[in-house]
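A.B. asks: below are the sequence and a predicted model for it; my questions follow.
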Amino acid sequence: MAGRHKRTGRGGFSLLELVIVIAIIMIVSAMAIPIMNTSLKVYRLRASASSLKWLLQQARMQSVKDNAQYSVTSVSEGSSTRVFVDLNNNGSWDSTEPAVDIPASTAFMTTTNSPTVTSMSLTGSGSYSNSVPISVTFNSRGLPCSGSNCNSTQGYFAFLRDYKQNYGFAAVSVTPAGRMRSWYWSGTNGTTGTWY
């Protein structure tokens, strides 16, 4: 019969071809998973710094809006740390107060345990403080302050470190004028690198 063609081979894949493709997928996955884990840890650290900066800005704006003095402080909540704006100045978090939760893998650090701040280009004169647990107070003009009456302006640093990633650092700075910025450490260890 004219027009009929007989197939000489079978369609589909052989078992050997299937095993080779699966082996290639497994090798590529084994190389990609550590990179994805590192990226996820860096993202969590940066998200924590960004959330902290947002909360500090909320406290500053609320202080100006209410013409009052408000503090940002932290408490332990299970395995994480809750940072909140203490609107009623009672020292504990209430459900109506703005708050962010910092994951258990991220911890606040002091300046002695963090990379040097000399590569940060900070504006404003005055001193900077760093305390663990976090404690920043804004006066009715929205400036970070210290003293019993909150009468002198003072800058502030909050350093964050991811313990599941060696030498993963982030920071949030508040200048004496109230300007805030998130910083990230470019180094592979705590001594070699720069803040950007």
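C.D. replies: It's in.

A.B. asks: does residue 193 belong to a helix, a strand or coil?
C.D. replies: coil (DSSP: H, G, I helix; E, B strand; the rest coil).

A.B. asks: go ahead and confirm it touches residue 187.
C.D. replies: Yes: counting by Cβ atoms under 8 Å, residue 187 is a contact partner of residue 193 at 1.8 Å. Heads up, the C-betas are built off the backbone N, CA and C, glycines and all.

A.B. asks: between the two, who's got more neighbours?
C.D. replies: Per other Cβ atoms under 10 Å, whichever of residue 193 and residue 187 has more neighbours is residue 193, with 17 against 14.

A.B. asks: following the worst-scoring helix or strand of the chain on mean pLDDT, which helix or strand shows up next?
C.D. replies: Of all helical and strand segments in the chain, the minimum by mean pLDDT, DSSP states H and E falls on strand 128-129, at a mean of 79. Sequence-wise, the next helix or strand downstream of strand 128-129 (DSSP states H and E) is strand 135-138.

A.B. asks: and that following strand, how far from the chain's centre?
C.D. replies: 19 Å (Cα atoms, centre = their mean, to the nearest Å).

A.B. asks: overlap of the contact sets of residue 193 and residue 187?
C.D. replies: Counting by Cβ atoms under 8 Å, 6 or more residues apart in numbering, the contacts common to residue 193 and residue 187 are residue 115.

A.B. asks: the least confident helix or strand of the chain pairs with which strands, parallel or anti?
C.D. replies: Strand pairing for strand 128-129, using DSSP bridges, gives strand 155-162 (parallel).

A.B. asks: and residue 77, what is it in contact with?
C.D. replies: Residues in contact with residue 77 (Cβ under 8 Å, 6+ apart) are 93, 101.

A.B. asks: pull the contacting residues for the residue nearest to residue 155 when sequence neighbours are not counted.
C.D. replies: Computed as Cβ to Cβ, 6 or more residues apart in numbering, the closest residue to residue 155 that is not its neighbour in sequence is residue 128, at 3.9 Å. Under the criterion of Cβ under 8 Å, 6+ apart, the neighbours of residue 128 are 117, 122, 154, 155, 156, 157, 173.

A.B. asks: confidence score at the first one?
C.D. replies: The one in question is residue 117. Predicted confidence (pLDDT) for residue 117: 73.

A.B. asks: and what of the fourth one?
C.D. replies: Reported pLDDT at residue 155 in the predicted model: 87.

A.B. asks: make sure residue 187 is indeed in a strand.
C.D. replies: No: with three-state DSSP as the criterion, residue 187 is assigned coil and is not in a strand.
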